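**Student:** generate a structure from the sequence data that follows.
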Amino acid sequence: MSGEERSLTLLVGLGNPGAIYVHTRHNIGQFVLDNFARLQGLRWVNNKRLNADLARGRFGRSDYVLVRPLTFMNESGYPVGRVASYFKVEQGRVIVVYDEINLPLGKFKVTYRSGDGGHNGMANVNARVDDCVRFRVGIGPKLDKEMDLKDYVLSKFSDGEQAALLHAMPEILEGLKNLLISPPREPANGHPTPSA
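**Tutor:** Below is the predicted model:
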């Protein structure tokens, strides 16, 4: 395996497949990756064998593959694990983008080797891929305390919320680009990387 292949980084966007889930809070990971691919002029290619849509790009000497799993959120680990194995991705070079209810809308936080925080999709990925980098994007808190959490994350963003997300998108995409150019490594003290 060449040095170029060893430097490959996976950037995974979690979500649910199907038009019904487009623009839902739970699909913000895939929404972010779609914007990233469009900005970089990348084309998604369906890979039925790996059960994912893939797009490959490069920043300087840093190669990366964007990954949209085609399974439902709670089964995301299967395609992510297969893609990581197929490309022989080194430990610590899988970055997972997903929704975070405990962050304000459009804000993001990067952590290394943290838990899943009760996120079922991330928990499933953790079961198959070691030492993922978490790139959590805020979907805002659940304002209706009586609303079921599942109903909330599967609800669609309002027009105002979508506008706010698009306003925040350049900063989010710049954060991802920085991670791809300089993939994070585990700190010597074993603590998570600072928040972005």
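**Student:** which residue comes closest to residue 42 once chain neighbours are left out?
**Tutor:** Excluding the flanking residues, the one nearest residue 42 by Cβ to Cβ, 6 or more residues apart in numbering is residue 55, at 4.1 Å. (Each C-beta comes from the backbone N, C-alpha and C, glycine too.)
**Student:** which secondary structure element is home to that neighbour?
**Tutor:** Using DSSP states H and E, residue 55 sits in strand 52-59.
**Student:** buried residues, that strand. List them.
**Tutor:** Neighbour-count burial for strand 52-59, counted by 16 or more other Cβ atoms under 10 Å, picks out 52, 53, 54, 55, 57.
**Student:** same deal with stretch 85-100?
**Tutor:** Neighbour counts over stretch 85-100 (16+ other Cβ under 10 Å) mark 87, 89, 90, 92, 93, 94, 95, 96, 97, 98, 99, 100 as buried.
**Student:** so the fourth one touches residue 84, yeah?
**Tutor:** No - with contact defined as Cβ atoms under 8 Å, residue 92 does not count as touching residue 84 (11.2 Å).
**Student:** need the next SSE after the strand holding residue 55, C-terminal direction.
**Tutor:** With elements assigned by DSSP H and E, the helix or strand that comes after strand 52-59 is strand 62-69.
**Student:** thanks a lot, see you next time.
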